[in-house]
Every structure is written in structure tokens, then in C-alpha cells.
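*Asks:* Here is my input; please provide its structure:
(one chain, ligands or ions: 1)
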Amino acid sequence: MTASDQNRFQVELRGLIDLLSQHLYSGPHVFVRELLQNGVDAIQARRQIEPQHEGLIEIEVITSAESDPTIIFQDNGVGLTEDEVHQFLATIGQSSKRGEMTSRPEDFLGQFGIGLLSCFTVSDEIVVLTRSAKGDNQPGIEWRGSTDGTYSVRKLTQAIPVGTQIFLQPSTGYEDYFEPQKVLKLAREYGSLLQPKITVTSNGQTDVVNAKAPWHQDTTNPQVRENLLAYGTEVFERNFLDVFPLHSTSGGVTGVAYVLSEAVHAGSRQPHRVYLKDMLLSTKTHEVLPEWAFFVQCVVNASQLRPTASRESFYEDTVLERTRQELGDCLRRYLVEMAQTQPRRFEQLIAVHHLAVKALAVDDDECLELFADWLPFQTSLGTMTLAEFRKQNSVIRYVPSCDQFRQIAQVAASESLAVINAGYVYDVDILTRLSMIRSDFKLEEFDAEQLSDRFEQLSQSEREETLEFERLADMTLQRFKCAVEIAKFLPSDLPSLYVTDANADFIRSVEQAQDVTEGVWNDMLGDLTRDVPSSYARLYLNYSNPLIKRICQLGQSDGQRRSVEMVYIQALLLGHFPLKKSEVKLLNEGLLGLLDWAVGGQDNE
Ligand SMILES: Nc1ncnc2c1ncn2[C@@H]1O[C@H](COP(=O)(O)OP(=O)(O)OP(=O)(O)O)[C@@H](O)[C@H]1O
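*Replies:* Alright, predicted model coming up:
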């Protein structure tokens, strides 16, 4: 390749600005953040030369009826020499804050060398007046950059203070961003925790932007706690149960976590308010806490995490991963300490956030040991904690799905049999893990068939009365692979109990899928069940139920057969079993038959 083959890339500035404003940044308002950040970095750079230097950022909004408003961002930072103006302001992607330019890049917020371009999202021209603090008698320099991709530089004849002033006027349609109140609001949003003094002046009024970070205080002090809770309500617009401090060495994070006052879905992720080196990074970050921490929202400041180029979230690296773990440990310590020292409070917290506590305990044996007795479970005898359940039962019986629980709950309750519904998220895992780590924890999956052992036997005469009916019912449901048995059980208002096992269940769901597939797919589904042992579900008809008794007394008839079919369909519906095509047909016929019977079986015409 010859030297003449080498060409320089050209940058189409307009396209780049569109890319930044529409795809990288969340909106044009971020120009305030980028200018604040440049001011803070410039002050930081000057303090490297003059450690005692007192930083100041002054934002002025000049409005008048005759002309466009102007924003002036002025800092007393390090400023720029003429060479630096060419090098850093006029070269996209060039930054004085990266490793090759400074020995302490970690001192600065910026790093990518694109932030200033965000001003072009609200303004067609950026005017910079700057004077460097490096060396005596540096002249003032003016730099004018335009969205058409051109810029000019000139030496100023008049004296200006050391530091930088940036002048912006709105491009058409962006006048809103130059309203004094809006500028003040944005400056407060992004910059209230920054160290240098920041003021916003307009129409003769000057407001100070800075505020004290609320978490650098003792959260055990009741008044501080009250103030912190009020701060949480203000920034997140919701109430909280509690607040506690967060800290992590990796990432250099400090802050506070707020415990939500209402339960949320497992796996939902709360938006957190996150600052990076005291500058607001995002109000919607999810990634700083572990997944199981969905019961808290936090406000934190990080000093050593890396921002993404949009400066609106953190770069996913090992430091962030360790930070997440450490902050998770803080949450964990908070829960453990409360469980050990304030059991009443912990009980109240668990009442709302048992799902989150289960999510933590499921992968953490120590927490599981400690929290297990407090954890609530739905059981056939009502919701109770594991401790209550164990007090009354030496064996922990459970069913692994809500559907199974729905089938057996009523009958089990009538028999005073306690069975846990472990169909909710984490429950099976928690119970199984407990049975592994606690030798006195006897866990048993409850088989609905066991209920039949508790049914009252029919008397000899009842046996005789029901024999024919049982045979007919059994034959009627044979085509649905369901055997029928007549028994007496409680509650008596329950006509039937449908019991199935894993094999029967599997065959049933395959047959249901076959209903909606054809040809080769249908055959493939059929193959799935080839090696599964054929298994029958069982429908127990309750002879203590008046309706079943009356059906039995109908004597062998079409009505009796239809009734059995309808009782079967009702049992499936109650158990939330999706109906197969043939069962839907049965349901339709049954309903139509019922209507026909209701209107007297006559033709209306
Ligand atoms: N107020 C200022 N005072 C002194 N130098 C400045 C000022 N604003 C910008 N600069 C110079 O211009 C360079 C480019 O600024 P720009 O905001 O585009 O990127 P950055 O701050 O370096 O990085 P980032 O894109 O991450 O914000 C800076 O690195 C700095 O050298």
C-alpha cells in the first residue's frame, strides 16, 4: 500500500448529533448534565495544580422579549490553551481525561470525548470563551463550533478570568430547554450533590443548586430516619416501610435502601436512583442490586463504577458484579440482624415481603436456616408459617402445583389434613433444601390417592345400591381413561374428586396437544407417550353429596350417563385441567341437552 492510498475519515456532524440525541442519550436535556460534568472536571483538573482552589460553577439564563434566550455556563476550572482547544474541543472523541492524557483519569467524570456535542441537540452553535490556568498570562481564546461541522478559533484581546464560559442559544423548537425554571430544575436534578458550588441566576435571582447527600448521616437516629424516609418518598413518589444504609468497597458505593411498603412480583426489578461521583447518572438503573432484592429501591453514589457512553447506566464488568454482591450482603445483614434482634418487626416485614425473603433463602442455606420458621405457606388449613405447620405436623406434606392443591384442598381440609401448596415460586425448592439441611425435617410429596384411604366405607346396602351405577359411570368415562369409584367423603357439598398421577397427566396433555396438530407433528407427539405406562385418572363420586345420590337413584338411563359426564367435566374444570376436544364436545352436548330439557324438549317453531 502506498502513502497516497491512505485517506482520512470524514465525519458528518449532523448524522453524529442525530445518533447521539436519538439513540444514545435519553433526551436533549442531558446537555445540562454534560456541561455540569465538564465544569466539575475542569475544576478538578485545576485543583491538581492548585489544591486549595475553590471551585465555582455559575449558570446564567438571560431572557429578553426582543431576542432569543442565552445560557451561559461558567466555571473557574483549568480552562484550555489554544492548542488544547484544537486538540480537545474540535476533535470528536478526544478527551483530556483519559489515561494517555492524565495520570489520574479516575478523578474525572468524563472520558469519551463526545459530551460537549450534546449541546448541538438544543443549539446550532456552541461558543466557548476559555483561558488556561497553566502558565502565566495565557490569552483568552474564543472557539465557535457549528452543527454544519465547521469551527473557528481566535485569540481574545480583552481579559477574561481563568476558566471557561460556554454560550448557547436555542435552535428552533428547543426554546423550552432555555426556560430559567427548567434549567434550574435540571441543574438540581443532576448537580445537587456535586462538590463545587453551583448557582443558577436569572432575572436578578440567584439560586444555589447544592444540597447535602442525605445518607451521610446516622440512620439509627430516629429524626434522621424520618428525614430519610421523607426524602425517599419525595424522590420515588411512594411510601416505604423502612430505610437502612448501603455500602460497598468495590465500586466505592454508599447510599440507602428503602423497603417497599407493598408486596411486588418475584423477579420484578425496581428502578434505583444512582449517582456517579456525585453526579446523577440515572433514576431508572436496575443493575446495582441482586435480582432477589426486588423488595427495595435504593439511592446510591458510586465513585468507582464505569458509566456507559450514554452516561445513563453502568458498564457491566467484574467491579459491578462484586458491587452487586456486596450490596446484596448489606441487605442480607439487614434482614438477619432484624430477625435476630427484632423478631416482631421481622414478622411484619415478612408479612409483606416473604417472596423476596424466600428468593434470598432459596440459594443461601444460612438465611434459610434462620428465616425458615417465619416463612408463610398456603396450606389446606389456611395460610400458616412453617413453624406453626411443624408444631402441628411431624411430616411436611406438600403438593408441588397449585392445580393439584386446588383438587385436594377442600377434601383435605374436611379431613383436617394439613397439606402445603408448594406450587408458588421458590416453595418446592425451599422445602426440598430444608429437608436436606435439617435432619428433623421430614418432607413428603402428597399423593391425592392417599385421600381415598381416609374415605368412609360404604355400608353393605349402599354398596349394593350403587354397584350398577358405579359400573355404568366407569364404562361411560372409560374412553377418557378415567376410572370411577363411589365413596363417601367430606365436604358433602363436593360432588366429586378427580385424582390423577404424573403419567395420566402427561398422556392427557399430549393428547390435548394432538387435538391441535396434524400429520407428522401429530405422530411425533404420539411417539412421546409410547413408553409411558398407561395410567388411568380416577373420579371419586361422593355418595354423601345429595346430587350424586339422586343421580344414582335415577337408575340406568340416558340421564344418568349424561349426569356422570357432566360431573366429570365439572371436576376437570374445577381442577383447571384444559379440556380435550372430545371433552369440549361433551360439555357442549351436555349444555344443549340441559337447555333442551329446560324448555321442555319441544320444537319452538
Ligand atoms: N469547561 C471545560 N473546561 C475545560 N476543558 C473543557 C471544558 N469542557 C470541555 N473541555 C475539554 O473538551 C474535551 C471534550 O469534552 P467532552 O465533554 O466532549 O468530552 P469529555 O468530557 O472528555 O468526555 P465525555 O464524552 O465522557 O463527557 C474535554 O476532555 C476537555 O478537555
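
*Asks:* Find me the pLDDT at the closest residue to the ligand within the stretch 301-450 of the chain, would you?
*Replies:* When scored by Cβ to the nearest ligand atom, the stretch 301-450 of the chain has Arg311 as its residue closest to the ligand, at 6.8 Å. (Each C-beta comes from the backbone N, C-alpha and C, glycine too.) Arg311 carries a pLDDT score of 82 in this model.

*Asks:* Just give the nearest non-adjacent residue to it, would you?
*Replies:* The shortest distance from Arg311 to any residue other than its chain neighbours is 6.4 Å, reached at Leu281 (Cβ to Cβ, 6 or more residues apart in numbering).

*Asks:* Adjacent strands (with direction) for the host helix or strand of that neighbour?
*Replies:* Assigned by DSSP states H and E, Leu281 belongs to strand 279-285. Looking at strand 279-285 with DSSP bridges, its partner strands are strand 272-276 (antiparallel).

*Asks:* Low-confidence stretches in the protein?
*Replies:* Across the chain, the ranges flagged by pLDDT under 70 are 1-4, 532, 601-605.

*Asks:* Tell me the helix or strand right after the helix or strand that contains Phe405.
*Replies:* Using DSSP H and E, Phe405 sits in helix 402-414. Under the assignment DSSP H and E, the closest C-terminal helix or strand after helix 402-414 is strand 420-421.

*Asks:* what residues does that following strand touch?
*Replies:* 377-380, 389, 396-399, 402, 405, 409, 427, 431 (Cβ atoms under 8 Å, 6 or more residues apart in numbering).

*Asks:* Please apply the same query to stretch 32-52.
*Replies:* Taking Cβ under 8 Å, 6+ apart as the rule, stretch 32-52 contacts 53, 55-57, 73, 75-79, 96-97, 102, 104, 107-110, 115-116, 118-119, 133-134, 162-164, 166, 183, 186-187, 190-191, 194-196, 198, 279-280, 311.

*Asks:* near the ligand, anything from it?
*Replies:* Yes - using Cβ under 6 Å from any ligand atom, stretch 32-52 reaches the ligand at Glu34, Gln37, Asn38, Gly39, Ala42.

*Asks:* Over to stretch 180-199?
*Replies:* No - using Cβ under 6 Å from any ligand atom, stretch 180-199 stays clear of the ligand, with a minimum separation of 11.8 Å.

*Asks:* Flag every residue of this protein that's near the ligand.
*Replies:* Near the ligand, when you scan the chain using Cβ under 6 Å from any ligand atom, you find 34, 37-39, 42, 75, 77-80, 88-89, 95-97, 110-116, 164.

*Asks:* was I right about Phe480 contacting Tyr568?
*Replies:* Yes - using Cβ atoms under 8 Å, Phe480 makes contact with Tyr568 at a distance of 7.0 Å.

*Asks:* ok, the two, which is more surrounded?
*Replies:* Tyr568 (25 against 19; other Cβ atoms under 10 Å).

*Asks:* Identify the residues contacting that one.
*Replies:* Here Tyr568 is in contact with Leu477, Phe480, Cys482, Ser496, Tyr498, Leu539 (criterion: Cβ under 8 Å, 6+ apart).
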